[in-house]
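Asks: Build me a model:
(2 chains)
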Amino acid sequence: MLVYKYKVAIHYLTQAMEMGYYDAALELAKGHYSLAEFYHSHGGNELSEKFKK
Amino acid sequence: MKANLSTEGDPAIKVLLEGCFASTPSKRTPAFELAQRLLDEYNDSCARLANTAIYDVIRRCRSLVEARRIDHSKSSDIVYSESDTATLMEFDDSWDDSGSNFRLAPEATFIIGAGILWDLIKLDQIQIPSTIISRGSSFPKGVYVLAI
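Replies: Next up is the predicted model:
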């Protein structure tokens, strides 16, 4: 459900940015960062190790 | 002639253009900040003129977002009400809507997105096409992680 939350938030915040609402940048960056952090802590790290081999 | 705001009588103009005429170029207001100020003013004017309900909702929800920006160490007891969310969703598509003079979509969309991120909105109050959310995932609502 956490990923769903971030994806919906990113969708709306990206729309706001595209319409020129630049104040959304803080939350948009936070949303992307949280999503990346989530993927990283749920297998993303292992996956990147596999690619390195 | 050097431009300045000392002779400007309209306080709103003074606030909007504050910093724009600083003698040091690097201290002048950046273009994106000026654009944001103008858009905020435009949105507020639209909301005030057309519909006081949306104006109150935007003001109330915006202050909740600001409070979460300052302190998000613990979850907020006060969240958007269901009717606030429904009102915001009504104005979500008012941008470039032919026949409408209302242009509140940028701010309404931001408040919805920020509300979701800061846990001020319950996700079941939002309806969004599953194709957008499921991008990159085989699940309609993205990836689920089950706690054991």
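Asks: Where does chain A get nearest to chain B, residue-wise?
Replies: A:Tyr12 (3.1 Å; CB to the nearest CB). Every residue, glycine included, has its C-beta placed from N, CA and C.
Asks: Show me which residues of chain A sit near chain B.
Replies: A:1-13, A:15-16, A:19-24, A:26-28, A:30-31, A:42 (CB under 8 Å from any CB of the partner chain).
Asks: Just to check, A:Tyr12 is in contact with B:Glu107?
Replies: No - taking CB atoms under 8 Å as the definition, A:Tyr12 is not a contact partner of B:Glu107, at 11.5 Å.
Asks: Please list only the buried members of the residues of chain A next to chain B.
Replies: A:3-13, A:15-16, A:19, A:21-24, A:27-28, A:30-31 (16 or more other CB atoms under 10 Å in any protein chain shown).
Asks: confidence score at the residue of chain A closest to chain B?
Replies: pLDDT for A:Tyr12: 90.
Asks: How many residues are close by A:Met17?
Replies: 19 (other CB atoms under 10 Å in any protein chain shown).
Asks: Centroid-nearest residue for chain B?
Replies: Residue closest to the average C-alpha location in chain B (CA atoms, centre = their mean): B:Glu107, at 3.2 Å.
Asks: Who are the contact partners of that residue?
Replies: A:16, A:21, B:39-40, B:43, B:58, B:62 (CB atoms under 8 Å, 6 or more residues apart in numbering or on different chains).
Asks: can you pick the most crowded of those residues?
Replies: That'd be A:Ala16 among the contacts of B:Glu107, by other CB under 10 Å, with 26 neighbours.
Asks: Could you say which helix or strand holds that one?
Replies: helix A:2-18 (DSSP states H and E).
Asks: Kindly report the same for B:Ala53.
Replies: Assigned by DSSP H and E, B:Ala53 falls in helix B:52-70.
Asks: Mind checking what helix or strand follows that helix in sequence?
Replies: helix B:82-90.
Asks: got the angle for that following helix vs helix A:2-18?
Replies: 50 degrees (axes from the mean of the first three to the mean of the last three CA atoms, to 10 degrees).
Asks: wait, what's in contact with the residue most central in space within chain A?
Replies: Closest to where the C-alpha atoms of chain A average out (CA atoms, centre = their mean) is A:His32, at 2.3 Å. By CB under 8 Å, 6+ apart, A:His32 lies in contact with A:Ile10.
Asks: what comes up buried for stretch B:64-75?
Replies: Buried, per 16+ other CB under 10 Å, within stretch B:64-75: B:64-65, B:68.
Asks: With A:Ala9 as the reference, measure out to the residue nearest to B:Asp44 when sequence neighbours are not counted.
Replies: Leaving aside its chain neighbours, B:Asp44 sits nearest to B:Tyr55 (7.3 Å; criterion: CB to CB, 6 or more residues apart in numbering or on different chains). Using CB to CB, to the nearest Å, B:Tyr55 is found at 24 Å from A:Ala9.
Asks: That'll do, ta.
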